[in-house]
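>>> below is the structure, and that's it, no one-letter string:
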């Protein structure tokens, strides 16, 4: 088996910083809902930690089925929101000269696209749930395997293509991430300091951190697919 060329974390971050320097306004416009969501999540984490420290007991829901269904539904919406932010970054890469509106951050929720995009996010969440029933580690590994679904789907949108089935996008992600899961894990691990900064500033740092991390992820995805295409041509 041919060894995959290593994608340098340092090069990914240098490229991301360069892109942000040139297109920060467009990228921020594409990530503002995600920034708000992460600020809210940070405040909820801090509030929960305070309540637990103060001795309050947070009781779980009585119905596990209702809890699971609502959790899957809302986590799928959250995933679609994350995808939309990344798609906005991809758009700014493809056509940096075009000024983006604030609505670019919600492109996954556009009426003509919402049902299919949400269904894809929902299917991915369901698959991850089934893997989590086996044991935690396989679910974590699969999360990295499925991480490029958003990019495969966006490429088809850009070039007016479509796969036979929505699950084909997940399959594409699995294929391009074969042998690269540890690589992406280490990239994500390198962002821990930025997330700590977000927590210490009650989420305010995410105004700058979220565009940076999302841009790094898109740069990484671009390089993954570029190498995969080059490998097919060879």
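Yes, it's here. What you are looking at is a predicted structure, and each value in this text was computed from that prediction instead of being measured. Numbering: from 1, shown residues only.
>>> for residue 165, see how far away the residue most central in space within the chain is.
Residue closest to the average C-alpha location in the chain (C-alpha atoms, centre = their mean): residue 82, at 4.9 Å. Distance, residue 82 to residue 165, using C-beta to C-beta, to the nearest Å: 22 Å. C-betas here are computed from N, CA, C, even on glycine.
>>> OK, contacts around the residue nearest to the centre of the chain?
34, 150 (C-beta atoms under 8 Å, 6 or more residues apart in numbering).
>>> which strand or helix spans it?
Element membership of residue 82 [criterion: DSSP states H and E] is helix 64-94.
>>> what comes up buried for the helix or strand following that helix?
Proceeding N to C from helix 64-94, the next assigned helix or strand is helix 114-134, under DSSP H and E. Within helix 114-134, the residues that qualify as buried are 117-118, 120-125, 127-128, 131, counting by 16 or more other C-beta atoms under 10 Å.
>>> tell me which residues are up against helix 114-134.
68, 72-73, 75-77, 79-80, 83, 108, 138-139, 142-143, 146, 149, 153, 166-167, 169-170.
>>> of the residues you listed, buried ones?
76-77, 79-80, 83, 108, 139, 142-143, 146, 149, 153, 166, 169-170.
>>> and those residues, which is the shakiest by pLDDT?
Sorting the buried ones among the contacts of helix 114-134 by pLDDT puts residue 139 at the bottom of the list (84).
>>> name the SS class of residue 162, please.
For residue 162, the assignment made with DSSP: H, G, I helix; E, B strand; the rest coil gives coil.
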